[in-house]
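A.B. asks: Mind folding the following:
(one chain, ligands or ions: 2)
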Amino acid sequence: MTVVKLGGSIITDKGVDFSYRDEAVRSIGRAIASTGEKVVIVHGGGSFGHPIAKKFHLSSSKPRRSSEGVSETRRAMFDLDARVCDSLLAAGLEPYAFSPYPLLAQAGRKGSAWLRAMLVAGLTPVTFGDVVHSKEGFRIISGDTISLSLCESLGATRCIFVMDVDGILDRDGKVISTLDEEDANRLMGLTSSDATGGIALKVKEALKMAASGTEVAFVSGFRPRELSKALKRVRFHGTIVRVPSRD
Ligand SMILES: Nc1ncnc2c1ncn2[C@@H]1O[C@H](COP(=O)(O)OP(=O)(O)O)[C@@H](O)[C@H]1O
Ligand SMILES: [Mg+2]
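C.D. replies: Numbers count the residues shown, from 1 in each chain. Ligands and ions are numbered 1, 2, ... in the order given. Take a look at the predicted model:
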């Protein structure tokens, strides 16, 4: 079982508000459909979720008491999700969209039994970054964090982060084929202008996955053949995470 995180950077153009990339998502969907792998898809907010979250000062780091903007942000995410599901349907998958919040609130393996049943039935569960409420208030929960939580509760073999770049890049913009802890620590210092911590949060969650036994890959969604290879667990052009040593 594989968790595929479709970054907002690949399903939308983050530079242009409400710009959806139908053809890119369709080709990703076709790659998933043709491998026949059991996949749970998580997508980000891209240029749908982030501009609205930002306007209302909603973020993943600072919870906010007021509910202002919660409805608007979620509305944009459901809009984006409908488009993603349309593209996946056109690609031959049978998406089953769900809000991640109840599952996260429940955490643990028992709560995800219905999700396994969906996979067995041949459906592709699809979820997305969401707005959640806790004692401290409302905050955004990133698709990257949801992916980590799903990997843990489903015992996923692999998580593939699909982005608009070929993998994790070094200072010269070259793809790091095997990311170790040292590379990761350097990246975790990077800041981002979006609502959920950008590449730093992604790498942080990826390291946690790797430490608990999930293989982690980063690949470009503009290269569906490389995604297919990553799904089949053969050599692909992109990044894998070297499992941190436990001693
Ligand atoms: N060292 C790096 N390696 C890869 N991507 C990077 C790096 N530094 C910044 N980025 C940017 O981070 C983006 C991926 O993170 P993020 O914007 O959160 O995307 P997503 O929407 O896919 O979650 C890429 O589109 C890339 O432009
Ligand atoms: Mg992101």
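A.B. asks: Which of the three states applies to S153?
C.D. replies: Here S153 is recorded as helix under DSSP: H, G, I helix; E, B strand; the rest coil.
A.B. asks: Which residue is the nearest non-sequential neighbour of it?
C.D. replies: Nearest non-adjacent residue to S153, counting by CB to CB, 6 or more residues apart in numbering: S112, 4.5 Å away. Backbone N, C-alpha and C define where each C-beta goes, glycine included.
A.B. asks: and if you look at E72?
C.D. replies: I52 (5.3 Å).
A.B. asks: Near the one you found, how many residues? Count them for me, please.
C.D. replies: 22 (other CB atoms under 10 Å).
A.B. asks: Ligand 1 contacts on the chain?
C.D. replies: For the chain, the residues in contact with ligand 1 (CB under 6 Å from any ligand atom) are 7-9, 44, 46, 163-165, 168-169, 187, 190, 194, 198-199, 202.
A.B. asks: Could you identify the most distant pair in those?
C.D. replies: Greatest spatial distance among the residues of the chain next to ligand 1 (CB to CB): G46 and L187, at 20.3 Å.
A.B. asks: So which of the two has more stuff around it?
C.D. replies: Ranked by neighbour count (other CB under 10 Å), G46 and L187 place G46 first, with 30 against 20.
A.B. asks: for that one, what are its contacts?
C.D. replies: Contacts for G46 (CB atoms under 8 Å, 6 or more residues apart in numbering) come out as 7-9, 11-14, 80.
A.B. asks: ok, G36 to L119 distance?
C.D. replies: Between G36 and L119 the distance is 12 Å, computed by CB to CB, to the nearest Å.
A.B. asks: same thing with E226?
C.D. replies: E226 sits 24 Å away from L119, going by CB to CB.
A.B. asks: Which of these two has more residues huddled nearby?
C.D. replies: Neighbour count, other CB under 10 Å: between E226 and L119, E226 has more, with 21 against 16.
A.B. asks: Tally up the residues packed near the closest residue to ligand 1 within the chain, please.
C.D. replies: Closest contact between the chain and ligand 1, by CB to the nearest ligand atom, is at G7 (1.8 Å). Neighbours of G7 under the rule other CB under 10 Å: 25.
A.B. asks: hey, where'd the helices end up in the protein?
C.D. replies: 8-11, 22-35, 46-55, 70-90, 101-106, 113-120, 143-154, 181-187, 198-211, 224-232 (DSSP state H).
A.B. asks: now for the helix or strand of the chain with the lowest mean pLDDT, which elements pack on it?
C.D. replies: Sorting the helices and strands of the chain by mean pLDDT, DSSP states H and E puts helix 101-106 at the bottom, at a mean of 79. Counting contacts by 3 or more CB pairs under 8 Å, 6 or more residues apart in numbering; DSSP states H and E, helix 101-106 is packed against strand 130-134, helix 143-154.
A.B. asks: buried residues in stretch 174-185?
C.D. replies: For stretch 174-185, burial by neighbour count (16 or more other CB atoms under 10 Å) applies to 175-176, 179, 183-184.
A.B. asks: Please produce CSV containing those residues, extended by distance to E152 and pLDDT.
C.D. replies: Formatted as CSV, the buried residues of stretch 174-185 follow (distance: CB to CB, whole Å; pLDDT from 0 to 100):
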residue, distance to E152, pLDDT
V175, 27, 97
I176, 25, 97
L179, 20, 96
D183, 23, 90
A184, 19, 87
